[in-house]
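Undergrad: Sequence first, then the predicted structure, then my questions.
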Amino acid sequence: MIDSPINDMNTLKRHRPVFIICSGAIAEWLEFSAYLYLAPRLAQLFFPEQSPSAAMVSVFGLFAIAYVTRPLGGFLFGYLGDRYGRRLTLTLSVLIMAIATTGIGLLPIWHSIGLMAPALLLLCRVLQGVAIAGEFTNAAVFMIEQGRGNPCLAGSWANWGANLGVALGALVTALVSLPIMPDWAWRIPFLLSCVTSLLALVIRRRL
């Protein structure tokens, strides 16, 4: 039996939220994970006055800060999502992540502004932690609410998008770490957030 065009349209309409939510999750987790993959380079640029091992500890300390702030982000965006709707919070989380990640890509390094460099990096990581918690929590809840008949399967798509974003982050950072790339190439994954976040925002307007 051949499916009718009406059935095809209904199928596309039913799966559209999955694509929209996953696109934002991929973009945000790509941006979030880039910091981890570029940790050795960031240690050299933002903590050059420390020994290599101490610099790595400092960089991973800032990485951990984002996880410390995630409960705050989950609580804040969960409250906003319940009060004002998931669409608003999903848009807001993408915007905050874009600002924080682009900020890392534009940050002056230690040799330019001294201690202000790691301080600003810390601020960006705090914002990233808040945004990623808001994204993941609200994306999963939104998909569960939309998942008629199989909410558990629907909610799992948020995790799928996050894992794909982490994998793409590894690919992008591997490319910019090649020996032929210029010294400033470490900024590229962070600056790409302008493009990926803009695409995610455009797509999410269709929610």
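TA: Alright, I've got the coordinates. Residues are numbered from 1 along each chain as shown.
Undergrad: From Arg204, how far off is the residue nearest in space to the middle of the chain?
TA: Note on the chain: the residue nearest the mean C-alpha position is Glu28, at 2.0 Å, using Cα atoms, centre = their mean. Distance of Glu28 to Arg204, computed by Cβ to Cβ, to the nearest Å: 11 Å. (C-beta placed from N, C-alpha, C; glycine too.)
Undergrad: Next, show the common contact partners of the two.
TA: Common neighbours of Glu28 and Arg204, using Cβ atoms under 8 Å, 6 or more residues apart in numbering, are Val94.
Undergrad: Helices of this protein, start to end?
TA: Counting by DSSP state H, the segments of the chain that form helices are 5-37, 39-46, 52-68, 70-84, 86-106, 110-113, 116-146, 151-176, 188-191, 193-204.
Undergrad: which parts of the fifth one are buried?
TA: It stands for helix 86-106. Using 16 or more other Cβ atoms under 10 Å as the test for burial, helix 86-106 gives 86, 89-94, 96-105.
Undergrad: neighbours of Asp82, just the number please.
TA: For Asp82, the count of nearby residues is 12 (other Cβ atoms under 10 Å).
Undergrad: Hmm, I typed the wrong one, I wanted Pro108.
TA: So Pro108, with other Cβ under 10 Å, has 13 neighbours.
Undergrad: swap in Ile65?
TA: Neighbours of Ile65 (other Cβ under 10 Å): 17.
Undergrad: For the residue nearest to it when sequence neighbours are not counted, give me its contacts.
TA: Excluding its sequence neighbours, the residue lying closest to Ile65 (Cβ to Cβ, 6 or more residues apart in numbering) is Arg125, at 5.1 Å. Residues near Arg125 by Cβ under 8 Å, 6+ apart: Tyr35, Leu62, Phe63, Ile65, Ala66, Ala100.
Undergrad: same deal with Ala39?
TA: Counting by Cβ under 8 Å, 6+ apart, Ala39 touches Met56, Val59, Phe60, Phe63.
Undergrad: where in the protein is pLDDT low?
TA: Counting by pLDDT under 70, the chain contains low-confidence ranges at 1-18, 147-149, 206-207.
Undergrad: if we go to 80?
TA: 1-25, 27-28, 86, 135-159, 197-198, 200-207 (pLDDT under 80).
Undergrad: my guess is Ile26 contacts Gly165, does it?
TA: Yes. Here Ile26 reaches Gly165: they are 4.1 Å apart, a contact under Cβ atoms under 8 Å.
Undergrad: what do these two both touch?
TA: If you check Ile26 and Gly165 against Cβ under 8 Å, 6+ apart, no residue is contacted by both.
Undergrad: Count the neighbours of Cys152 for me.
TA: Using other Cβ under 10 Å, Cys152 has 9 other residues around it.
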